[in-house]
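S.K.: sequence plus the predicted model coming up.
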Amino acid sequence: MTDSSENAVYLYGVTRGLDLAALGGSPGVAGAAVRDVVAGDLTALVSTVRLDEYGEDALRANLEDLGWIEATARAHHAVVDRAARLAPTAPVRIATVYHDDERVAQVLHEGRERFGAALDRITGRSEWGVKAYAHPEDERPEEEAVTPAAGTGVGTAYLRRRQEQRRRQNEAGRRLTERAQAIDAELRVHAVAVRRHPPQDPKLSGHPGTPILNMAYLLDDARVPEFQALVREIGERSPGIEIEATGPWPPYSFIETDGG
């Protein structure tokens, strides 16, 4: 229970069949202890947080602070990740806060069918991310010198050269798109569900290549080894393309349980 005059309840996600002690007592956001609120067979993973940091007005200000967002997201994801490795866990968005335990229990009760369906869907499954990059030297279109035709000036030759460069760039982009689509087509047949994410900003990824694929695949746990082997095989037979698979991750890309 919480002192509603000073505190609120931060929600990480909803799980089923999890022994809270198995989380090992690791802290959650703002160093707060992780505890549970139980309603039927559903368990909400929560922490008691202070309203002066997680109340409506405070959140509005804190969500403009990149440092605060990063620290909160890291702690939130750590709790969800630990839980997801132990039992099916449906994560919610960071900074999901409720007035008290009673309200959290009400959310579980009102959303029991929705949460139950989400947990059924991810039981025995995990999310895997796949990214692919084209190396700069392999994506750069070849340039050919354009000789000015008889009777044309330097300006016309320059425009022709620029048009040819754009044509070659467009062609190179088309080829990369086709390669990315072919990679995805091979991988998605092994997945229960697939989500396409926008290419990550190279400034954030730090990767020198051009991002051409950023996918999430929901996999049956039994199919993970063959999926990983296929990713390696595709990489070995795809010159100029670097492909990487990461996981298992909590199934953020495949859960829609927020609300209430």
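M.R.: Great, that's in hand.
S.K.: what is the longest helix seen in the chain packed up against?
M.R.: Secondary structure of the chain per DSSP state H: the longest helix is helix 154-188. Applying 3 or more Cβ pairs under 8 Å, 6 or more residues apart in numbering; DSSP states H and E, we find helix 154-188 packed against strand 125-134, strand 193-196, strand 210-220, helix 224-236, strand 241-249. To be clear about C-beta, it is placed using only N, CA and C from the backbone, and glycine gets the same treatment.
S.K.: quick check: angle from that helix to strand 125-134?
M.R.: 160 degrees (axes from the mean of the first three to the mean of the last three Cα atoms, to 10 degrees).
S.K.: same question for helix 154-188, mean pLDDT?
M.R.: Mean pLDDT, computed over helix 154-188, is 81.
S.K.: with stretch 51-58 instead?
M.R.: The pLDDT scores in stretch 51-58 average 93.
S.K.: show me what contacts the nearest residue to residue 55 once chain neighbours are set aside?
M.R.: Nearest residue to residue 55, sequence neighbours excluded (Cβ to Cβ, 6 or more residues apart in numbering): residue 8, at 6.6 Å. Shown in contact with residue 8 (Cβ atoms under 8 Å, 6 or more residues apart in numbering): 2, 48-51, 54-55, 97-100.
S.K.: let's see 7 Å
M.R.: 2, 49, 51, 54-55, 97-99 (Cβ atoms under 7 Å, 6 or more residues apart in numbering).
S.K.: rewinding a little: let me have the helices and strands packed on helix 154-188 in CSV, extended by distance to residue 36 and mean pLDDT.
M.R.: Below are the helices and strands packed on helix 154-188 laid out as CSV (distance: least, Cβ to Cβ, whole Å; pLDDT from 0 to 100):
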stretch, distance to residue 36, mean pLDDT
strand 125-134, 22, 95
strand 193-196, 28, 95
strand 210-220, 26, 94
helix 224-236, 29, 96
strand 241-249, 22, 94
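S.K.: re the thing from before, buried residues in the longest helix of the chain, which are they?
M.R.: Judged by neighbour count using 16 or more other Cβ atoms under 10 Å, the buried positions of helix 154-188 are 161, 172, 176, 179-180, 183-184, 187.
S.K.: likewise stretch 67-74?
M.R.: Quick answer for stretch 67-74 (16+ other Cβ under 10 Å): 68, 72.
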